[in-house]
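Trainee: no FASTA, just this:
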């Protein structure tokens, strides 16, 4: 009963669409990410009270919230497959890279949704807003791509472990540290009103990080996924 | 004409599973060793043995998802060794430890697995596969609402849509009622004529369908 063939991009989109449909119906990752982000933002807002911290601290707080919120949900793309027992049939159904890019797209979308919700809440609750929006958005976009790229491959690695949650954060932190430092630097400049000239080093680091992370993931994924 | 076409295809593309002196140890525990088996397209083999004798481990080795401690296992086509991605496309696994997506409907599961496998299937083909395993009319139900036996039948429908040249079936009638067992035995009889069929079972009715036997743990 063979039907007509499907191209590679359509297979990748099918994996992403399947995860989006499943997430829309179960709200497994979105709920944990949003709850973490909302609770953290509220606690920080109450703790700061009437104090207005400087842009350095606010930039760091912004990325700390984004990092930990992402940690609470992005690993689910692979952990859910292993826990539900669906990883095996997925391994036998398509190429490893189709799975990787499908999961990467899903994690990117999840981070985009998270960012769209966190940014206005951060501005409202912590009474701070970027003075240079293009710089802020570029930093956010590149930071999200690096975060999604790194966490997708790390999620595939930890999915088979017994203490997944703890291992995911512990493994992610040192790998994500350069990304966080560069993203915080760009966000700090954006909050302080600086321009693109002030972020060229951090921007180069972020672009290089994103390219290297996706390349390494592509090279390693088949090995990680099949074991 | 169709039979002639099948014979010509089988002769032209000689697909073969070759297991040579295979052994698997977990640490110091020896699961099995010295297993040698050759199954060509159109032939079948049954792996039998008591619980814990390594039937499922043997299937994982055949699938290439685990490494042997000794010996070799692999598929070849016209004498040329196939890599994982080449034989994966031809292979379907049905097993009690394999799961489908509970949050998708049966039809969504079928469409998804066909699409990521590189095939576009029509609704008619999918409903046909569901009908063949006795799930006609239940395609729009969520798999999470299916009984264990219905889920097992759906795994056969997913495999049927793949039209595989290699069937690996672990405990073929696990969780199935009498009607389900009848359907699966009929499907095994059909599959063994045009594919490589390997079943892991201790049911006499099932291993007697196979042409070769591999007894583990004995």
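Mentor: Nice, thanks for sending it over. Only a predicted model underlies this, so the values are computations on that prediction, with no experimental measurement involved.
Trainee: confidence score at residue B:32?
Mentor: At residue B:32, the model reports a pLDDT of 92.
Trainee: for it, list each beta-bridge partner.
Mentor: Here residue B:32 sits in beta bridges with residue B:24, going by DSSP bridges.
Trainee: how about it, what does it touch?
Mentor: Applying CB atoms under 8 Å, 6 or more residues apart in numbering or on different chains, we find residue B:32 in contact with B:22, B:23, B:24, B:53, B:54, B:57, B:58, B:216, B:217. Bear in mind the C-beta positions are built from the backbone N, C-alpha and C, glycine included.
Trainee: quick check, nearest of the residues you listed to chain A?
Mentor: Of all the contacts of residue B:32, chain A sits closest to residue B:57, with 13.8 Å by CB to the nearest CB.
Trainee: what is the helix or strand hosting that closest one packed up against?
Mentor: Element membership for residue B:57 (DSSP states H and E) is helix B:55-63. When contacts are defined as 3 or more CB pairs under 8 Å, 6 or more residues apart in numbering or on different chains; DSSP states H and E, helix B:55-63 sits against strand B:15-26, strand B:29-40, strand B:44-48, strand B:91-94, strand B:166-170, strand B:196-200.
Trainee: what angle do that helix and strand B:15-26 make?
Mentor: Here helix B:55-63 runs at an angle of 130 degrees relative to strand B:15-26 (axes from the mean of the first three to the mean of the last three CA atoms, to 10 degrees).
Trainee: centre of the chain to helix B:55-63, how far?
Mentor: 11 Å (CA atoms, centre = their mean, to the nearest Å).
Trainee: and the next element down the chain from it?
Mentor: Following helix B:55-63 in sequence order, the next helix or strand is strand B:70-77 (DSSP H and E).
Trainee: residues from chain B in reach of chain A?
Mentor: Those residues of chain B that sit near chain A, judged by CB under 8 Å from any CB of the partner chain, are B:63-65, B:84-85, B:88, B:91-93, B:95, B:97-104, B:108, B:112-122, B:125, B:128-129, B:158, B:160-161, B:163.
Trainee: the residues you listed in strands, which ones?
Mentor: B:91, B:92, B:93, B:119, B:120 (DSSP state E).
Trainee: are any of these buried, and which?
Mentor: B:91, B:92, B:93, B:119 (16 or more other CB atoms under 10 Å in any protein chain shown).
Trainee: in chain B, where is pLDDT below threshold?
Mentor: B:1-13, B:218 (pLDDT under 70).
Trainee: name the nearest residue to the closest residue to chain A within it, ignoring sequence neighbours.
Mentor: For chain B, the residue closest to chain A is residue B:99, as judged by CB to the nearest CB, at 3.5 Å. Computed as CB to CB, 6 or more residues apart in numbering or on different chains, the closest residue to residue B:99 that is not its neighbour in sequence is residue A:85, at 3.5 Å.
Trainee: ok, that neighbour - contacts?
Mentor: B:97, B:98, B:99.
Trainee: so the second one sits against residue A:88, correct?
Mentor: Yes. With contacts defined as CB atoms under 8 Å, residue B:98 counts as touching residue A:88 at a distance of 5.3 Å.
Trainee: separate out the buried members of the residues of chain B next to chain A.
Mentor: The buried subset of those - by 16+ other CB under 10 Å - is B:63-65, B:84, B:88, B:91-93, B:95, B:98-104, B:108, B:112-119, B:121, B:125, B:128-129, B:158, B:160-161.
Trainee: what about the closest residue to residue A:171 other than its chain neighbours, which helix or strand?
Mentor: Spatial nearest neighbour of residue A:171, chain neighbours left out: residue A:154 (5.3 Å); criterion: CB to CB, 6+ apart. Assigned by DSSP H and E, residue A:154 falls within helix A:133-158.
Trainee: mind checking how far that helix is from the chain centre?
Mentor: What separates the centre of helix A:133-158 from the centre of its chain is 5 Å, taken as CA atoms, centre = their mean.
Trainee: can you name the element that comes right after the lowest-mean-pLDDT helix or strand in chain A?
Mentor: Ranking every helix and strand in chain A by mean pLDDT, DSSP states H and E puts strand A:4-5 at the bottom, with a mean of 59. For strand A:4-5, the following helix or strand on the C-terminal side (DSSP H and E) is helix A:8-26.
Trainee: what is that next one packed up against?
Mentor: Taking 3+ CB pairs under 8 Å, 6+ apart as the contact cut, helix A:8-26 packs with helix A:28-48, helix A:96-126, helix B:106-116.
Trainee: buried deepest among the ones you listed, which one?
Mentor: helix B:106-116 (a mean of 23; mean count of other CB atoms under 10 Å in any protein chain shown).
Trainee: setting aside sequence neighbours, what's the nearest residue to the spatially most central residue of chain B?
Mentor: Centroid-nearest residue in chain B, with CA atoms, centre = their mean: residue B:168, separated by 2.3 Å. Excluding the flanking residues, the one nearest residue B:168 by CB to CB, 6+ apart is residue B:93, at 4.7 Å.
Trainee: ok, now which ones touch that neighbour?
Mentor: Counting by CB under 8 Å, 6+ apart, residue B:93 has contacts A:88, A:89, A:92, B:59, B:63, B:159, B:168, B:169, B:170.
Trainee: tell me the SS of the third one?
Mentor: Under the three-state scheme (DSSP: H, G, I helix; E, B strand; the rest coil), residue A:92 adopts helix.
Trainee: burial count for it?
Mentor: 23 (other CB atoms under 10 Å in any protein chain shown).
Trainee: now do the first one
Mentor: Other residues near residue A:88 number 18, with proximity taken as other CB under 10 Å.
Trainee: just checking, what packs against the strand or helix carrying it?
Mentor: Using DSSP H and E, residue A:88 sits in helix A:87-93. Applying 3+ CB pairs under 8 Å, 6+ apart, one finds that helix A:87-93 contacts helix A:76-84, strand B:91-94, helix B:106-116.
Trainee: counting by contacts, list what the last one packs against.
Mentor: Same thing as helix B:106-116. Under the contact rule (3+ CB pairs under 8 Å, 6+ apart), helix B:106-116 is packed against helix A:8-26, helix A:87-93, helix B:123-132, helix B:148-162.
Trainee: contacting residues around it?
Mentor: By CB under 8 Å, 6+ apart, helix B:106-116 touches A:3, A:6, A:10-11, A:14-15, A:18, A:21, A:89-90, A:93-94, A:98, B:100-101, B:104, B:120-121, B:123, B:126-127, B:129-130, B:135, B:138-141, B:143, B:146, B:154, B:157-158, B:161-162.
Trainee: what do you get if the cut-off is 6 Å, keeping everything else the same?
Mentor: The contact list for helix B:106-116 (CB atoms under 6 Å, 6 or more residues apart in numbering or on different chains) reads A:6, A:11, A:14, A:18, A:93-94, B:100-101, B:121, B:126, B:139, B:143, B:154, B:158, B:161.
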